[in-house]
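[1] Build me a model:
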Amino acid sequence: MTTQKVSLIIPVENQVRELDPKLLLACVAAKRGFPSIIGSHRKIDLRIASLPRSLYLCKSFTRMNLNMFRIMHKLGQKIVSWDEEALVHLPADMYFSRRLSPVSLKYVSHLFAWGEENASLWRQYPQMPGEKPIHITGNPRADMLRREMGAFYRDEVDALRREHGKFILLNTNFNHVNAFYPAQNLFRPVTRPGQKAKFGKAARGMSVEFAEALRDHKQALFEAFKALIPVLDRAFPDFTVIVRPHPTENPAIYQRIAATCQHVKVSNEGNVVPWLMAAKALVHNGCTTAVEAYSMGVPAISYRPNIDEAIDEGFYHLPNQLSYPCFSEQELEDTLGRILSGEMGAAAGDERKALFDRYIVAQDGPLACDRMVDVLENITTGKAGLPKPALLTYLAGYMTANGRRLIKWTKRDLPGTHAPPAFHRHRYPGITLEALRERISLFQQALGDTTELRAEQIHDQIFRISA
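    You can find the predicted model right below:
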């Protein structure tokens with residue numbers, strides 16, 4: 001019988017993107033004796049003072065994390081982290097400014113890298129402590145792309161094909177200019193003529209020049225993709241066009257376009273992996289989904305009617321290189337037609353494979369989840385629990401955590417907040433305990449694992465998984 005070990009806390013911010021891979025990590029950890037607390041990132045952080053001392057598996061260590069890191073440190077939580085956004089990232093200087101905080105980093109004991117490129121990037125950070133352990137484990141999201149995990153999504157893939165028939169998946173990532181709320185764009189809307197636009201949330205850590213260039217580039221692509229949707233609708237009448245907006249995009253404009261078309265639907269339901277498995281082809285520009293498509297052998301086209309070399313090479317190099325490039329509507333139609341007819345398969349070649357392997361490890365052998373749990377076992381060897389903080393330190397953390405919770409609750413409906421309740425519901429709509437248990441059962445079947453796992457709800461949208 002496996003001895004129970006230190007608990008893990010696994011917060012989930014974007015449900016459609018993160019829940020399945022993080023649930024897989026919780027299942028693998030439970031099998032090896034680590035109980036996990038998993039659920040809504042926001043609700044976990046608001047309840048942090050009532051949760052046991054645990055290893056908190058964070059997805060970032062930016063300035064935005066600092067207040068919570070200080071609270072968790074006082075409560076006796078131990079923080080380990082990866083960067084969810086490190087796979088397709090900004091040029092190094094802006095990535096460092098935007099995604100890394102030397103102060104937040106002090107509270108993180110260990111780092112998990114997607115691959116060698118990610119680890120190399122972190123090692124270049126001038127304020128990265130030389131003794132900070134960086135483990136090249138891969139990422140749970142990449143585990144979901146592996147062949148043996150195909151069974152997990154089989155029923156969803158079959159359901160998508162029954163509902164939509166043969167379809168083209170068009171993924172957008174224009175949250176920089178079409179965010180769910182305008183304040184989340186690169187620049188906030190101006191309220192009067194002649195007013196200078198101020199930075200929005202998406203521009204944090206960027207230079208003004210780069211933010212303006214990125215806005216202009218993204219806006220041009222946004223307009224091109226909007227124009228492309230009815231073109232694909234007319235050019236391929238035997239196929240449905242599924243428009244899948246970025247999780248933090250406003251889908252309204254795509255819904256209006258779809259209403260004027262015959263074979264276009266807009267959906268952001270569920271994880272993108274089963275959609276890719278069911279699709280005949282993917283169309284995108286600089287989207288991480290193209291990396292996932294390449295891994296699964298799904299043909300992907302990068303539609304590039306507007307070029308900015310600095311942005312395309314410095315930011316979107318990986319997804320664009322793993323796809324067929326098309327620079328005009330006609331070229332895209334021709335290439336897509338050859339793919340849909342079976343004349344062309346997925347983009348391939350030794351250079352693409354070498355590039356992919358440098359960015360993502362653990363595509364064979366032990367899962368990234370198992371490699372992460374190996375590290376967690378080394379961290380906690382011989383420990384039944386984490387050390388208690390001094391009483392006064394703990395009380396300070398407890399009071400600060402509950403004070404923060406009260407402030408967040410009070411401010412949630414005030415005008416001007418960058419993330420009101422509707423946005424949190426959009427990002428994390430929630431899951432029932434029954435549905436969570438069904439997904440755990442699917443993981444067990446896919447992995448051929450007979451370990452008896454228990455799932456229970458401990459707070460609203462917060463669950464505990466253990467063996």
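[2] From here on, just use CA atoms for contacts and neighbour counts.
    Will do.
[3] how far out from the middle of the chain is stretch 200-212?
    In terms of C-alpha atoms, centre = their mean, to the nearest Å, the centre of stretch 200-212 is found 21 Å from the chain centre.
[4] Looking at it now, give me its mean pLDDT.
    For stretch 200-212, mean pLDDT is 90.
[5] repeat for stretch 256-266
    For stretch 256-266, mean pLDDT is 98.
[6] go on, stretch 244-252?
    Summarised as a single mean, pLDDT over stretch 244-252 is 94.
[7] End to end on it, go ahead and measure it.
    One end of stretch 244-252 to the other measures 12 Å (C-alpha to C-alpha, to the nearest Å).
[8] and the gap between Gly39 and Arg162?
    Gly39 sits 31 Å away from Arg162, going by C-alpha to C-alpha.
[9] again, but for Arg146
    As judged by C-alpha to C-alpha, Arg146 and Arg162 stand 24 Å apart.
[10] if you count what's nearby, which of the two comes out ahead?
    Per other C-alpha atoms under 10 Å, whichever of Arg146 and Arg162 has more neighbours is Arg146, with 16 against 11.
[11] Assign the nearest residue to the more buried one once chain neighbours are set aside to helix, strand or coil.
    Of all residues not flanking Arg146 in the chain, Gln363 sits nearest, at 6.3 Å (C-alpha to C-alpha, 6 or more residues apart in numbering). Here Gln363 is recorded as coil under DSSP: H, G, I helix; E, B strand; the rest coil.
[12] doesn't Glu148 make contact with Gln363?
    No - counting by C-alpha atoms under 8 Å, Glu148 is not a contact partner of Gln363; they are 10.5 Å apart.
[13] quick one: which of those two has more around it?
    Neighbour count, other C-alpha under 10 Å: between Gln363 and Glu148, Gln363 has more, with 18 against 13.
[14] tell me the contacts of the more buried one?
    Contacts for Gln363 (C-alpha atoms under 8 Å, 6 or more residues apart in numbering) come out as 142-143, 146.
[15] Distance of it relative to Phe187?
    From Gln363 to Phe187 the distance is 38 Å (C-alpha to C-alpha).
[16] Pass me the low-pLDDT residue ranges in the chain, would you?
    The model of the chain has pLDDT under 70 over residues 1-3, 384, 412-420.
[17] Quick one: the strands in it, in order.
    Ranges of strands in the chain, per DSSP state E, are 7-12, 36-40, 54-58, 78-81, 108-113, 134-136, 167-171, 240-244, 264-266, 281-284, 300-303, 324-326, 454-459, 462-466.
[18] got CSV for those strands, with distance to Asp20 and mean neighbour count too?
    CSV is the format used below for the strands of the chain (distance: least, C-alpha to C-alpha, whole Å; neighbours: other C-alpha atoms under 10 Å):
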stretch, distance to Asp20, mean neighbour count
strand 7-12, 10, 26
strand 36-40, 11, 25
strand 54-58, 15, 22
strand 78-81, 18, 21
strand 108-113, 18, 22
strand 134-136, 21, 19
strand 167-171, 19, 24
strand 240-244, 18, 22
strand 264-266, 22, 21
strand 281-284, 21, 23
strand 300-303, 23, 26
strand 324-326, 29, 20
strand 454-459, 15, 15
strand 462-466, 14, 21
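[19] Dump those into a markdown table; add distance to Val272 as well.
    Formatted as a markdown table, the strands of the chain follow (distance: least, C-alpha to C-alpha, whole Å):
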| stretch | distance to Val272 |
| --- | --- |
| strand 7-12 | 16 |
| strand 36-40 | 19 |
| strand 54-58 | 22 |
| strand 78-81 | 23 |
| strand 108-113 | 22 |
| strand 134-136 | 24 |
| strand 167-171 | 10 |
| strand 240-244 | 9 |
| strand 264-266 | 13 |
| strand 281-284 | 11 |
| strand 300-303 | 14 |
| strand 324-326 | 20 |
| strand 454-459 | 25 |
| strand 462-466 | 23 |
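[20] Report the buried residues of the top helix by length along the chain.
    Secondary structure of the chain read by DSSP state H shows that its longest helix is helix 208-235. For helix 208-235, a neighbour-count test (16 or more other C-alpha atoms under 10 Å) marks 211-212, 214-215, 217-219, 221-222, 224-225, 228-230, 232-233 as buried.
[21] which ones are touching the closest residue to Asn285 other than its chain neighbours?
    Distances taken as C-alpha to C-alpha, 6+ apart put Ser302 closest to Asn285, at 4.9 Å, once the chain neighbours are dropped. By C-alpha under 8 Å, 6+ apart, Ser302 lies in contact with 283-286, 319-320, 323-326.
[22] Could you rerun that using 10 Å?
    By C-alpha atoms under 10 Å, 6 or more residues apart in numbering, Ser302 lies in contact with 282-287, 290, 319-327, 332.
[23] Could you tell me how far it is located from Thr335?
    Per C-alpha to C-alpha, Ser302 is found 11 Å from Thr335.
[24] contacting residues around the closest residue to Val291 other than its chain neighbours?
    Nearest non-adjacent residue to Val291, counting by C-alpha to C-alpha, 6+ apart: Pro319, 5.4 Å away. By C-alpha under 10 Å, 6+ apart, the residues touching Pro319 are 87-88, 284-294, 300-302, 312, 356.
[25] Repeat that for Leu332.
    With contact set as C-alpha under 10 Å, 6+ apart, Leu332 has these partners: 228, 232, 283, 301-305, 324-326, 338.
[26] between those residues, which is closest to Glu434?
    In terms of C-alpha to C-alpha, no member of the contacts of Leu332 lies closer to Glu434 than Val283, at 34.7 Å.
[27] Distance of the closest one relative to Glu269?
    Computed as C-alpha to C-alpha, the Val283 to Glu269 distance reads 18 Å.
[28] same thing with Leu276?
    13 Å.
[29] the more surrounded of these two?
    For Leu276 versus Glu269, neighbours defined as other C-alpha under 10 Å are more numerous around Leu276 (23 against 11).
[30] Is it correct that the more buried one is in contact with Gly270?
    No - using C-alpha atoms under 10 Å, Leu276 makes no contact with Gly270, being 11.5 Å away.
[31] Show me this structure divided up by domain.
    The record's domain parsing of the chain by automatic domain parsing lists 7-145+363-466, 149-359.
[32] Contact partners for His73?
    Residues near His73 by C-alpha under 10 Å, 6+ apart: 53, 79, 107-108, 389, 393-394, 397.
[33] try 8 Å this time
    Shown in contact with His73 (C-alpha under 8 Å, 6+ apart): 107, 397.
[34] Just give the number of residues close to Lys388.
    A count of nearby residues for Lys388, using other C-alpha under 10 Å, gives 13.
[35] contacting residues for the residue lying closest to it once chain neighbours are set aside?
    Excluding its sequence neighbours, the residue lying closest to Lys388 (C-alpha to C-alpha, 6+ apart) is Gly76, at 6.0 Å. By C-alpha under 8 Å, 6+ apart, the contact set of Gly76 is 53-54, 386-389, 394.
[36] One more pass at 7 Å, please.
    Going by C-alpha atoms under 7 Å, 6 or more residues apart in numbering, Gly76 touches 53, 387-389.
[37] neighbour-wise, which of the residues you listed leads?
    Within the contacts of Gly76, most neighbours by other C-alpha under 10 Å means Arg53, with 23 neighbours.
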